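[1] Show me how the following folds:
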Amino acid sequence: MTVTILVVSSDFAFWKVGDGDPGEIFDGLADGATDTLEPHPDVAGFRSELLWRWPDLVDVLEPSEHDLVDSPEDAAKYVLLTLPVRMLGHLDGIYELARQYKLRGYSGVADEAF
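    Residues are numbered from 1 along each chain as shown. Next up, the predicted model:
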């Protein structure tokens, strides 16, 4: 008997100021391209509050603390979350927080901007 374990996750990206199509910005972030985004204090505030409310997001959040050593300005450019199924319960609160900060974004699972 073979048992297969399927791990499913959903990607969500958030930013404040960016040039271009949201889907292309999202795809670029997956490849580490942040040049279409501009830093904004609301993104850094969103990131900080996310981690304060849900510390377990630290393992699924980009840019990671390690990434910020080389590119500290990215903390104010974007937040990319790869949420495993067990964390999708946070999603309504995450979206509400993003609305409070008036962030734009993209859902990879829905393949649409928000």
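[2] Quick check, pLDDT for the most centrally placed residue in the chain.
    Nearest to the geometric centre of the chain sits Leu80, at 2.0 Å (CA atoms, centre = their mean). pLDDT recorded at Leu80 is 96.
[3] so it sits in a strand?
    Yes. According to DSSP: H, G, I helix; E, B strand; the rest coil, Leu80 belongs to a strand.
[4] Report how many residues lie close to Trp54.
    Trp54 has 18 neighbours, counted by other CB atoms under 10 Å. In this view, the C-beta of every residue, glycine as well, is placed from N, C-alpha and C.
[5] Over to Ile94?
    When neighbours are counted by other CB under 10 Å, Ile94 comes out with 22.
[6] Now name the helix or strand holding it.
    Mapping Ile94 onto the secondary structure by DSSP states H and E places it in helix 91-100.
[7] so who does the residue nearest to the centre of the chain touch?
    11-14, 29-30, 61-63 (CB atoms under 8 Å, 6 or more residues apart in numbering).
[8] Tell me which of these fall in strands.
    11-14, 61-62 (DSSP state E).
[9] neighbour-wise, which of those residues leads?
    Ala13 (27 neighbours).
[10] Contacts only, for that residue.
    Applying CB under 8 Å, 6+ apart, the residues near Ala13 are 25-26, 29, 78-81, 105-106, 108.
[11] now, the most widely separated pair of those residues?
    Pairwise distances across those (CB to CB) peak at 14.9 Å, for the pair Ile25 and Leu81.
[12] Off-centre distance for stretch 94-103?
    12 Å (CA atoms, centre = their mean, to the nearest Å).
[13] Now it: average pLDDT?
    For stretch 94-103, the mean confidence score works out to 98.
[14] Of all the residues in it, which ones are buried?
    94-95, 97-98, 101, 103 (16 or more other CB atoms under 10 Å).
[15] mind checking the SS state of Arg47?
    From three-state DSSP, the assignment for Arg47 is helix.
[16] If we ignore the residues flanking it in sequence, what's nearest it?
    Spatial nearest neighbour of Arg47, chain neighbours left out: Val79 (5.2 Å); criterion: CB to CB, 6 or more residues apart in numbering.
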